[in-house]
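Enquirer: Got a predicted structure here, sequence first:
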Amino acid sequence: MTAQVLIVDDTEANAHILSVVAQDQYYTVLTASSGAEAILLAQNWQPDVIVLDVMMPELDGYETCRRLKADDRTMHIPVVMVTALDGTAEKLRGLECGADDFLTRPIDTEAFLARIKGLVRLKQLFDEWRARHETTRALGLAPEPRDQVEVSGTRALIVDDWDLGAASVENALAEDGIQAVRASNEEEATALGASHPLSLIIINLSMRGFEPLRLASRLRANVASRDIPLLLIAEPDHRDLILRGFDLGVNDWISKPFNPNEFRVRARNQIRRKLYQDRLRSALDGALKMALTDPLTGLYNRRYFMRHLEGVLAAKQMANVAVLMIDVDSFKIVNDRFGHQAGDVALELLGERLRLEVRALDLVARLGGEEFAVVMIGAGVDEVAATAERVRVKLAAEKFAPTQESAFPLTVSIGAAVAQACDTDINELMRAADRTLYLAKARGRNRVEVTVLTGQDGRTALGG
């Protein structure tokens with residue numbers, strides 16, 4: 001996972017240590033030595049996460065964080081605050097300023113990297129939703145999102161087999177008007193997570209009789225609960241479990257002894273982010289269903305696809321951007337032999353397969369006729385190739401029977417072009433994807449070809 005990390009510390013040695021740790025994970029790193037410099041860099045560079053020292057002259061970390069979160073250009077960038085002060089009051093103050101986490105020195109490198117990885121993953125997913133909303137708003141089809149979201153009236157699931165611990169959590173949530181439901185085992189929690197409109201799930205790692213992290217994994221794998229924030233309650237010696245939790249997609253954690261004030265801040269932060277994302281998704285869905293979707297497949301149409309890709313490339317981020325061009329092989333035969341109604345069924349089948357086989361954050365569109373396209377952001381060449389091949393194989397395995405007496409082998413050819421967003425433009429990327437699709441057709445159809453754009457008008461074609 002590639003990412004841009006901004007490290008802010010007025011002590012050069014501290015900044016250097018964290019920079020080396022981040023660069024060892026192949027993150028792109030910039031440093032700032034003051035709060036004012038950090039704000040300017042954040043506005044212009046748009047990092048994926050900011051690591052912010054608390055004790056700085058003039059503009060300290062708290063005020064820097066507060067200003068970052070008050071600015072529309074930087075409010076959605078995760079902030080991890082770092083200090084040598086090990087106290088609950090300092091941590092609570094940082095979280096109330098909008099920080100996503102608060103670490104104390106000496107820094108646990110593994111915990112630091114796990115937290116950065118989790119926040120980057122969340123930021124990239126959230127950025128994709130924001131990009132889609134901006135595309136829709138620029139077309140005049142969605143209103144500006146309201147700045148404030150209220151946590152009161154939302155619902156949280158507490159997974160805990162200890163009555164007293166669950167009661168403490170429930171009482172803390174009630175202070176902010178958050179309703180709670182409770183599960184004491186894995187099956188109850190899975191069922192409630194799939195059937196209730198939840199904004200947060202709290203899991204106690206000290207439960208017995210099952211593995212709490214297995215539950216976290218199941219919740220992340222379930223479509224109904226995939227996007228619900230997960231918050232762990234851990235013992236001081238649960239370090240390894242917490243690190244594994246972040247790998248599984250856990251959003252946050254709090255250590256015992258349970259501090260209700262710290263918990264409330266963390267819970268509110270997670271719920272607000274969830275509500276804001278839900279609002280963007282709702283506005284997007286409503287607008288696109290009216291104007292920017294293909295009526296046959298329900299996918300985005302060419303107009304939205306091109307505007308979205310333009311917006312992604314205009315941001316000039318360092319992340320990879322890939323376009324997959326997908327064309328149904330011998331589609332004219334389907335229409336001529338079985339009729340256009342059968343052809344429509346084939347197109348619907350392909351659209352549904354694409355939805356299932358790409359990532360949730362990828363954008364799928366029908367460009368017209370039998371041609372489809374996918375935009376993938378932040379995926380490496382191998383992942384792009386594997387996704388395209390999976391789509392090809394899965395579709396070829398489908399049993400397409402236009403009539404009861406006959407079947408037709410439904411296959412696709414796929415051409416993918418991959419480049420860094422900062423090194424290409426929409427015309428170059430689309431031309432490369434088109435050329436690669438023609439190459440797949442010329443080499444026999446029912447195959448995948450991938451082209452990598454180097455940024456200097458050179459291309460390397462890789463067979464699939």
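Expert: On my side now, so go ahead.
Enquirer: and stretch 417-436, how far apart are its ends?
Expert: The straight-line separation of the ends of stretch 417-436 (Cα to Cα, to the nearest Å) is 7 Å.
Enquirer: contacts for that stretch?
Expert: For stretch 417-436, contacts defined as Cβ atoms under 8 Å, 6 or more residues apart in numbering pick out 306, 309-310, 312-313, 315-325, 373, 377, 381, 384, 415-416, 449-455, 459, 461. For the C-beta atoms, the positions are set from N, CA and C on the backbone; glycine is no exception.
Enquirer: what's the average pLDDT for it?
Expert: Mean per-residue pLDDT for stretch 417-436: 92.
Enquirer: List the buried residues of that stretch.
Expert: 417-421, 423-424, 426, 428-430, 432-436 (16 or more other Cβ atoms under 10 Å).
Enquirer: Any idea how far that stretch is from the middle of the chain?
Expert: Taking Cα atoms, centre = their mean, to the nearest Å, the mean C-alpha location of stretch 417-436 is offset from the chain mean by 23 Å.
Enquirer: Could you do stretch 304-312 as well?
Expert: Using Cα atoms, centre = their mean, the offset of stretch 304-312 from its chain centre is 18 Å.
Enquirer: circling back: among the buried residues of stretch 417-436, which ones are in strands?
Expert: 417-420 (DSSP state E).
Enquirer: Let me have these in a markdown table, adding distance to residue 120 as columns.
Expert: As requested, these are arranged in a markdown table below (distance: Cβ to Cβ, whole Å):
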| residue | distance to residue 120 |
| --- | --- |
| 417 | 25 |
| 418 | 20 |
| 419 | 21 |
| 420 | 17 |
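Enquirer: Of these, just say which sits nearest to residue 6.
Expert: residue 420 (19.3 Å; Cβ to Cβ).
Enquirer: so what's the closest one bridging to?
Expert: Taking DSSP bridges as the rule, residue 420 bridges to residue 320.
Enquirer: Contact partners for residue 31?
Expert: Contacts of residue 31 (Cβ under 8 Å, 6+ apart): 6-9, 15, 19.
Enquirer: next one: residue 172
Expert: 260, 263-264, 267.
Enquirer: which of the residues you listed has the most neighbours?
Expert: residue 267 (27 neighbours; other Cβ atoms under 10 Å).
Enquirer: ok, back up a step: now intersect the contacts of stretch 417-436 with the strands, please.
Expert: Judged by DSSP E, strands contain the following of these: 320-325, 373, 377, 415-416, 449-453, 459, 461.
Enquirer: Which entries within these meet the buried criterion?
Expert: So, by 16+ other Cβ under 10 Å, the buried ones in the ones in strands among the contacts of stretch 417-436 are 320-325, 373, 377, 415-416, 449-453.
Enquirer: Against residue 136, how distant is the residue nearest the centre of the chain?
Expert: Centrality entry for the chain: nearest residue to the mean C-alpha point is residue 125, 1.9 Å, by Cα atoms, centre = their mean. Noted for residue 125: a distance of 17 Å to residue 136, by Cβ to Cβ, to the nearest Å.
Enquirer: Right, I'll call it a day here.
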